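1. No sequence on hand, only this structure:
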């Protein structure tokens with residue numbers, strides 16, 4: 001339930017959340033979002049910036065990013081249950097460059113049900129704890145979503 005997208009015809013650029021989350025977006029309405037270690041480009045004003053180490057967003061706030069054409073260059077984006085107890089001191093120190101992003105089933109934000117890591121505009125790593133969401137994602141991206149373990153074994 002761990003995927004990597006390296007090159008694709010479906011995604012215009014890495015990491016466009018509207019395209020990455022398209023097959024599962026309808027299933028994520030009950031979650032809040034954590035964004036940390038972010039670097040991005042956008043031509044519209046978003047509820048994220050470069051003045052904070054992390055952002056904790058409601059679904060409605062995150063939807064503004066989802067609907068935009070923002071390109072996430074670096075960052076960790078996680079969907080978490082609304083009632084999660086989050087250690088924001090730890091969240092503020094997380095990094096998309098941590099070696100664990102390449103390890104299967106290793107979530108930097110342990111409460112995540114979906115964790116997306118944008119890695120230098122060239123890789124998008126998507127990890128799932130929910131089998132059905134993972135299957136919907138894989139069915140949509142087909143051979144463009146590579147199994148993370150198989151990718152690491154090469």
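-> Now that the structure is in, tell me what you want to look at. As the structure is a computational prediction, the values presented were derived from the model and not from experiment.
2. Does residue 145 touch residue 4 like I think?
-> Yes: Residue 145 is within contact range of residue 4, at 7.4 Å (criterion: Cβ atoms under 8 Å). All C-beta atoms are positioned from the backbone trio N, CA, C, and that covers glycine.
3. where does residue 151 fall, helix, sheet strand or coil?
-> helix (DSSP: H, G, I helix; E, B strand; the rest coil).
4. how deep is it tucked in, by neighbour count?
-> 16 (other Cβ atoms under 10 Å).
5. Spit out the contact partners of it.
-> 4, 6 (Cβ atoms under 8 Å, 6 or more residues apart in numbering).
6. for stretch 31-50, which positions count as buried?
-> Residues 31-38, 40, 46, 48 are the ones in stretch 31-50 that count as buried (16 or more other Cβ atoms under 10 Å).
7. Kindly report the same for stretch 68-85.
-> In stretch 68-85, counting by 16+ other Cβ under 10 Å, buried: 68, 70-80, 84.
8. Can you tell me which of the buried residues of stretch 31-50 comes closest to residue 154?
-> residue 37 (26.0 Å; Cβ to Cβ).
9. and that closest one, that one's in a helix?
-> No: the assignment for residue 37, made by three-state DSSP, is strand rather than a helix.
10. Much appreciated, bye for now.
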